[in-house]
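> give me a model of this one.
(chains A and B, ligands or ions: 3)
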Amino acid sequence: MAAVTAKTNPLGLSRDDYKGLATTLCAGCGHNSITNHIVKALYDHGVDPYRLAKMSGIGCSSKATAYFVERAHAFNAVHGRMPAVTTGAAVANRELLFLGISGDGDTASIGLGQFCHLLRRNVDCTYIVENNGVYGLTKGQFSATADPGSVQRKGTVNQLETIDIAGLAVQLGASFVARSFSGDGQQLVPLLRAALSHRGTAVLDVISPCVAFNDHEGSTKSYHYVKEHELVLHGLDFIPQQTEVAVDYAEGTSTDVELHDGSHLRLRKLGREHDPQDRLSALRVIDEGRQSAEVVTGLLYVNPAAPDLCTMENLPQSPLRDLGEAELRLTPDQFAALLREWQ
Amino acid sequence: MAEQGSVDLNLVASTVNGSGSQSANLVLTRAVFAMGIPVAPKNLFPSNIEGLPTWFYLRANSAGYRAGRRRADLLVALDRATFQADIARLEPGGVLVFEEAFGAPPVEEGRPPLHLYPVPFGRLAKESVPDPDLRKYLTNMIYVGVVAEILGIPDTALEEALTHQFRTKPKALAANREALALGRDYFRANLTKIDSLRLRPLDRTSGQLLLEGNQTAALGAIMGGCTVLAWYPITPSSSLAEHLIGLADRYRIDPESGERRIATIQAEDELAAAGMVLGAGWAGARAMTTTSGPGISLMAEFVGLGYYAEIPAVFVDIQRVGPSTGLPTRTMQGDVSFAYTLSHGDTRHPVLLPGTVLECYEFLQQAFDLAEQLQTPVFVLSDLDLGMNLWMTDPLPYPEQGFERGKVLHKAELDQMQRFERYRDVDGDGVPWRTLPGTEHPLAAYFTRGSGHDEAARYTESEETYTRVMDRLARKLETGRDRLPAPVVDGESAEVGILAYGSSHHAVVEARDILKAKGTATEYLRLRALPAAPEVADFVARHSRVYVVDQNRDGQMHQILQVELGPQLAGRLRSVRHYDGLPLFAADLVEAIQREEGTAAAASRPASVAGMAR
Ligand SMILES: Cc1ncc(C[n+]2csc(CCOP(=O)(O)OP(=O)(O)O)c2C)c(N)n1
Ligand code: SF4
Ligand SMILES: [Mg+2]
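Ligands and ions are numbered 1, 2, ... in the order given. As a prediction, this is how the structure comes out:
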């Protein structure tokens, strides 16, 4: 490993090495802030760009994979279908680190089925939903995450129940579920790093206001609304694997969650009791937030021990794609014996 | 020594689905096969687990014809519901074995009388098998005993077939052996042979195997290096996936670590299956899915992405009768046009058309090579007839060559390069170079997208770039044309040509013999892939008339070839279409061609040749 200097991470890479093309999204779009937090998290985390695979569906949000880590391969799939593509790529090469970006339309409408099955399989990836409550790219129609009573720009009131992505994910048995806000890097960066350290699908439902179509008065996904209604569960610090775990908080004010790769997420208590390794508690805080019109953010649930798809399938550590004839074909003897059996 | 003679016997057994008729039918098939007589068995089964009628056709045929025959010489009628209708399937003067309780059928005016063998199957089973569940299954084995006695199938052949069928179930073996003897003994004690059907041993099956196309395709996938299978259950393709998983369980598990050298994922739907295959192909694995018509419809969007983003993937379609759910357990070549240009916009995919179970094995292997060489989705179009019936075949050869993994740049090559552009045609063959995610080199990464892109994989809406990329994609398929399985041409005739593909092959072989005997010589081109090879134009050019045989209503291949060959040759193509869901029978084909040729006697078209139209 290269020496750590002030301007480089443990891999010897600078923050610029994690940048991508210039964004083509609207100025002020929440998605752009998330991109910046991703760049910071990947840089801080020392992610090897060559190991990173950036996955997305279709939407303004899904375009964002072009705006960070230009040196990583990216796959911009079709609308709502990033989970399937990621699943296939993940079994083909389990050495890759998958970071997926989706939108609320991409995940909660057209891609809802695939999203559920991704969680069921616990495919090892970070899955960010840049949730703005509307279809940005098709110009502002309500999405399935719009809250009842939320008002569209032209005045239409949404009457339908919302699909709560985080709540659904916990229900479905997802192994890592968090909610955050594009404007809260303090929270989002450690959550992203924890997600990268997690083995299995890590869902981050990130409220990300659409300044073009859903940032007005009456919207429940506007900057103003989220700032007014956010309920932050814990203060978060990410403690990388090698670091001494120093205890600098008074007894009982913080807890550590040990993640799959040995790193820790330290949760500083901020008032509300919530143990993120307790699924029922997660469902309760999500539902209470819904009742009280609060946007509950933080680490909602994590199960660091859940096996991921490649583990359950018992795949080799080295990529399947590198196997050759000798490993994949029957030997001539096996082949002849099989044909005899088929005789 | 086996006695040589000519045999062509068609047996039809009409039973109830889920009654264990399958094992009885297989024992009969294997017994005839063990006598050295070529067999062509076919199941006509309903979309149902239990209770609906099902028919089993077994043709024993010394010439080795592998197609079926429509009419039965011997009918075993065990289903009361279809009894009357089944009798119409018999040749005049045929042999009828039936459940005595149904009562003898009335004699038909003006038709030679049938040879009747009433057997109290129900009573025999009741008396000897106390367990009612077991009884249902064993009743069918009683029919095998009766038929064996009528046809003179020796005990040695029956025993060989029984031990093969129940090799892993010794208890069932004994019970079935007894049931079979019950039928034989009943016949001996109570009935006298009054017909002249008889099977005599031949020596025409040695070294041959009896295999299903889905089974050989599965082995082809394993030998072709498939490492990712994503699929969603659907008849008639499920058995391919299940065979593949079975083979993977035996041959793809590392003996030391227990690790599996293949991922077999049952997807949530065909849409997801297609996406998984593309993801895996993009990441460098040899990935496939297998499905049937409804699944192909769902996969359309992803296949277009695979085409435009140039991702290797293998799509196997075991065709069944559409449109919609159609006749899910009947056979058809109904997806040819749809699969060939699947997805919106201009797309075109290499389509391999296996005609035999041997080719199901070979083409699956080749499909992986082609997909990686051409960096595109490749289709293999089989059908229910080929995929789910047993076919006599030469042994499958061990592959002679290694995998062709196409143009992939690794770190070492990139080290020597100044520049890498994912979609740049540097070799002039339309096929660019690709890198795989995970390649440790600053030049390696590129952005895969289904939106407009330039040679460097950058987003663009430039009209020049768009057309340039689309033209190159067309050129790429031209490069592929030479690498596809070439047509097989047989015979010589300047007048009449026959062009067929897929499972129609077997009826064509037989039909050509019949036509020849009737004075019409034909030359035959069997198309084994699309886009059509240049030989097809030559073939059509040297005939006045070419009959294009399709198992679909609209003559899909006929239409494709009309377009591909152009107006000059198109006029020589005549469409022959069969689309009733049954496999193609030679007699129907002969009739249709004779009618066209004006050599058939007028009004000879039997009413039962439904769905045979020009
Ligand atoms: C099959 C299909 N249907 C419709 C579309 C059109 N479409 C593009 S993006 C989009 C919605 C995107 O919304 P969301 O996922 O919330 O992303 P955002 O733009 O809000 O970030 C739709 C409907 C499409 N690309 N594909
Ligand atoms: S339309 Fe909305 S979501 Fe899309 S880029 Fe603009 S602000 Fe962002
Ligand atoms: Mg949205």
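> for ligand 3, what is the nearest residue in the stretch 251-400 of chain B?
B:Glu301 (20.0 Å; CB to the ion). Every C-beta, even on glycine, is put in place using the N, C-alpha and C of the backbone.
> enumerate every residue touching that residue.
Taking CB atoms under 8 Å, 6 or more residues apart in numbering or on different chains, we find B:Glu301 in contact with A:Val78, A:Arg81, B:Leu271, B:Ser343, B:His344.
> nearest residue to the fourth one in space, please, no chain neighbours.
Among residues not flanking B:Ser343 along the chain, B:Gly304 sits closest, at 2.8 Å (CB to CB, 6 or more residues apart in numbering or on different chains).
> enumerate every residue touching that neighbour.
Each residue near B:Gly304 by CB under 8 Å, 6+ apart is listed here: B:Leu342, B:Ser343, B:His344, B:Gly345, B:Thr347, B:Gly450.
> helices of the stretch 101-250 of chain A, start to end?
Secondary structure of the stretch 101-250 of chain A by DSSP state H, counting those that start in this stretch: the helices cover A:104-108, A:112-121, A:165-171, A:185-197, A:223-229.
> what residues does the fourth one touch?
By CB under 8 Å, 6+ apart, the residues outside helix A:185-197 that reach it are A:33-34, A:36-38, A:40-42, A:44-45, A:47, A:97, A:99, A:126, A:128, A:176, A:178, A:180-182, A:202, A:204, A:206, A:232, A:236-238, A:240-241, A:257, A:259-261, A:263, A:265, A:297-299, A:302.
> rewinding a little: tell me which of the helices of the stretch 101-250 of chain A sits most buried.
Stretch with highest mean neighbour count among these: helix A:104-108 (a mean of 31; mean count of other CB atoms under 10 Å in any protein chain shown).
> ok, that one near chain B or not?
No: applying CB under 8 Å from any CB of the partner chain, one finds helix A:104-108 separated from chain B by no less than 13.1 Å.
> nearest to chain A among the contacts of B:Gly304?
For the contacts of B:Gly304, the closest approach to chain A (CB to the nearest CB) belongs to B:Gly450, at 6.1 Å.
> confidence score at whatever residue of the stretch 101-250 of chain A ends up closest to chain B?
Per CB to the nearest CB, A:His117 is where the stretch 101-250 of chain A lies closest to chain B, at 4.3 Å. If you check A:His117, the pLDDT there is 98.
> got a list of what it touches?
A:His117 neighbours (CB under 8 Å, 6+ apart): A:Pro83, B:Ala267, B:Glu268, B:Ala272.
> separation between the residue lying closest to B:Ser47 once chain neighbours are set aside and B:Asn389?
Using CB to CB, 6+ apart and skipping residues adjacent in sequence, the residue nearest B:Ser47 is B:Pro328, 4.4 Å away. Per CB to CB, to the nearest Å, B:Pro328 is found 16 Å from B:Asn389.
> what do you get for B:Arg424?
47 Å.
> who does B:Leu381 bridge with?
Beta bridges link B:Leu381 to B:Asp317 when assigned by DSSP bridges.
> for it, what are its contacts?
B:Asp317, B:Gln319, B:Gln333, B:Asp335, B:Val336, B:Ala339, B:Val351, B:Leu352, B:Leu353, B:Pro354, B:Gly502.
> neighbour-wise, which of those residues leads?
Scoring those on neighbours with other CB atoms under 10 Å in any protein chain shown, the highest-scoring entry is B:Pro354 at 32 neighbours.
> doesn't B:Asp385 make contact with it?
No: between B:Pro354 and B:Asp385 there is no contact under CB atoms under 8 Å: 11.7 Å.
> end to end on stretch B:322-336, go ahead and measure it.
12 Å (CA to CA, to the nearest Å).
> count of neighbours near B:Gly207?
Quick note: B:Gly207 (other CB under 10 Å) scores 7 neighbours.
> can you pull the contacts of it?
By CB under 8 Å, 6+ apart, the contact list for B:Gly207 reads B:Asp394, B:Pro395.
> buried subset of the contacts of helix A:185-197, written for ChimeraX?
With 16 or more other CB atoms under 10 Å in any protein chain shown as the burial test, the buried ones among the contacts of helix A:185-197 are selected in ChimeraX as follows:
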select /A:33,34,36,37,38,40,41,42,44,45,47,97,99,126,128,176,178,180,181,182,202,204,206,232,236,237,238,257,259,260,263,265,297,298,299,302
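> cool, thanks, talk later.
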